[in-house]
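Peer 1: from the sequence below, what's the structure:
(one chain, ligands or ions: 1)
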Amino acid sequence: MQTYQAPENALANKTILVTGAGDGIGRVAAINYAKYGATVILLGKTTSKLEAVYDEIVNAGYPQPAIVPMDLRGATKQHFRDLAATIEQQFGKLDGLLNNASILGSLGPMEHFCVSTFENIMKVNVTAQAVITKSLFPVMRKAPHASIVFTSSGVGRKGREFWGAYAISKFATEGMMQTWAEEVGKTNIRINCINPGATNTSMRASAFPGEDKDKLKTPEDLMPTYLYLMSDDSIDVNGQSLDAQTY
Ligand code: NDP
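Peer 2: Numbering: from 1, shown residues only. Okay, here's the model as predicted:
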């Protein structure tokens, strides 16, 4: 597989919302989207992390981003409606939505799973992503071409022992993407998944605390796929689950 090389202004005049933009893969994706010309809306839980990403983007001379502090676990339909209204008012349209924020919870046998942890994982990784996407659909309809990207995982394609609710939530992510992608068909909106693969972030470190981090990919290594699915070079791609490492 060849590596995608985004043209210099691949994302110029696009507005892209990234969830979980304060850390890990989301942080690097947000900075790269800005680097290629997008105005990025940084949504995440910890305001200080979002502010640091904001500063990094502004200091690099990229388009000024916006910050949306939001805990997806507690967010209600009204929060998402307000978000959609604000985006429409300020930007007129939304060209991209990267549903990246997720939580891992604790790994362990299904026989002993904690019900409240299970519910939290489903809320952040599945329900909040469905509701934010539904809420932003009308403003994405206003873009000439809009791309929705969900974030999958290897454990969302084949079950793996002890990955519990996280794995189940990623199967749901793949299912949500496939179901929705069939419905959008050949409209202005396309919907796909990226499976990042093992990547050096704090989520990965909490799942595998003893491994050698230097042997892992970095978030930066994944960016060709993240840029490809947000750029107009992928306007005919819909309903696919791409492995980041293969691009
Ligand atoms: P990190 O844990 O490093 O980053 C997750 C981001 O999501 C953080 O910015 C975090 O914000 C945010 N977030 C978490 N909970 C919430 C919440 N309730 N509301 C709003 N924002 C929240 O994860 P990664 O970067 O590693 O993972 C990114 C995506 O890639 C996830 O979907 C993950 O499942 C997937 N993935 C990752 C792999 C890997 O090896 N790293 C492998 C396969 C899939 P804050 O820091 O403020 O808590």
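
Peer 1: minimum distance to the ligand, which residue of the chain gives it?
Peer 2: Gly24 (2.2 Å; Cβ to the nearest ligand atom). Backbone N, C-alpha and C define where each C-beta goes, glycine included.

Peer 1: show me how far stretch 141-154 is from its chain's centre.
Peer 2: Chain-centre distance of stretch 141-154: 9 Å, with Cα atoms, centre = their mean, to the nearest Å.

Peer 1: endpoint to endpoint, that stretch covers what distance?
Peer 2: Distance across stretch 141-154, first residue to last, is 31 Å (Cα to Cα, to the nearest Å).

Peer 1: that stretch and the ligand in contact?
Peer 2: Yes. Looking at stretch 141-154 against the ligand by Cβ under 6 Å from any ligand atom, the contacts come from 151, 153.

Peer 1: which stretches of the protein form strands?
Peer 2: For the chain, applying DSSP state E gives strands covering 15-19, 39-44, 66-69, 96-99, 146-151, 189-195, 241-243.

Peer 1: now those strands as a markdown table including mean pLDDT and distance to Glu111?
Peer 2: Shown next, in a markdown table, are the strands of the chain (pLDDT from 0 to 100; distance: least, Cβ to Cβ, whole Å):
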| stretch | mean pLDDT | distance to Glu111 |
| --- | --- | --- |
| strand 15-19 | 99 | 32 |
| strand 39-44 | 98 | 34 |
| strand 66-69 | 98 | 37 |
| strand 96-99 | 98 | 30 |
| strand 146-151 | 98 | 28 |
| strand 189-195 | 98 | 27 |
| strand 241-243 | 96 | 29 |
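
Peer 1: got JSON lines for the ones you listed, with mean neighbour count too?
Peer 2: Conversion of the strands of the chain to JSON lines gives the following (neighbours: other Cβ atoms under 10 Å):
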{"stretch": "strand 15-19", "mean neighbour count": "28"}
{"stretch": "strand 39-44", "mean neighbour count": "26"}
{"stretch": "strand 66-69", "mean neighbour count": "17"}
{"stretch": "strand 96-99", "mean neighbour count": "26"}
{"stretch": "strand 146-151", "mean neighbour count": "26"}
{"stretch": "strand 189-195", "mean neighbour count": "24"}
{"stretch": "strand 241-243", "mean neighbour count": "18"}
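
Peer 1: re the thing from before, residues contacting the residue of the chain closest to the ligand?
Peer 2: Going by Cβ atoms under 8 Å, 6 or more residues apart in numbering, Gly24 touches 199, 201-203, 219.

Peer 1: excluding its backbone neighbours, what's nearest Asn13?
Peer 2: Nearest non-adjacent residue to Asn13, counting by Cβ to Cβ, 6 or more residues apart in numbering: Gly37, 7.2 Å away.

Peer 1: now swap in Gly92 and tell me
Peer 2: Lys142 is the one closest to Gly92 (Cβ to Cβ, 6+ apart), at 6.5 Å.

Peer 1: contacting residues for that neighbour?
Peer 2: Contact partners of Lys142, counting by Cβ under 8 Å, 6+ apart, are 88, 92-94.
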